[in-house]
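>>> Fold the following.
(one chain, ligands or ions: 1)
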Amino acid sequence: MREKLTEHFYKDEVECPDCGALPSKAFMSRVEELRIDYGHPISVSSCARCVAHNREIGGANGSHHIVSIDGVDDEDTHGAIDIRMKPRSSDLRYELIRCAYSAGFTGIEIGTHHIHLDTRTTVPILWTGISK
Ligand SMILES: [Zn+2]
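The predicted structure is shown next:
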């Protein structure tokens, strides 16, 4: 049976696909808050990554997706999640971004068919990108 981390998210959709490193509980409760407010299914393309996996898939150095393979501080809200979006789902994209602001995400990338959200503690930023 698939193990759930929150009401709407399974462990296997947010853990590092290589080693099973998990995002923090504080980060996941923010993601769950977003999901409840949004009210639609969320398809996760990438969430927690160890340094090795991040390198393997060509992630940015110091990516906010990176978590420690030795376990994270569950009180720490730091993390990142990539959410798959259909290119023409402009109404859902609008709604997801509204919920992301509301849930306190501070790094938002609008990709051609994904949205990246993170909880950086530096100045909040919004940028655009080409999905892989
Ligand atoms: Zn890993």
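>>> residue contacts, the residue nearest the centre of the chain?
The residue lying closest to the centre of the chain (C-alpha atoms, centre = their mean) is I81, at 1.1 Å. By C-beta atoms under 8 Å, 6 or more residues apart in numbering, the contact list for I81 reads V14, P23, V31, V44, S46, C47, H65, H116, L117, D118. Where C-beta positions appear, they are placed from N, C-alpha and C, glycine not excepted.
>>> you'd agree it is in a helix?
No: secondary structure assignment (DSSP: H, G, I helix; E, B strand; the rest coil) places I81 in strand, not in a helix.
>>> Look up the residues forming beta bridges with it.
Per DSSP bridges, the residues bridged to I81 are L117.
>>> how close does it get to S131?
14 Å (C-beta to C-beta, to the nearest Å).
>>> got it, and V14?
If you go by C-beta to C-beta, the gap between V14 and S131 works out to 19 Å.
>>> ok, those two, which is more surrounded?
Of the pair V14 and S131, V14 is the one with more neighbours under other C-beta atoms under 10 Å, namely 20 against 16.
>>> hang on, that one packs against G20?
No: under the criterion of C-beta atoms under 8 Å, V14 makes no contact with G20, lying 10.4 Å away.
>>> what residues are up against T122?
Residues in contact with T122, defined by C-beta under 8 Å, 6+ apart, are T106.
>>> if I've got this straight, it is in a helix?
No: secondary structure assignment places T122 outside any helix; it is coil (three-state DSSP).
>>> For the spatially closest residue to I125 that is not a sequence neighbour, give the beta-bridge partners.
Beyond its immediate neighbours in the sequence, the residue positioned closest to I125 (C-beta to C-beta, 6 or more residues apart in numbering) is G107, lying 5.7 Å away. For G107, the beta-bridge partners under DSSP bridges are D118, I125.
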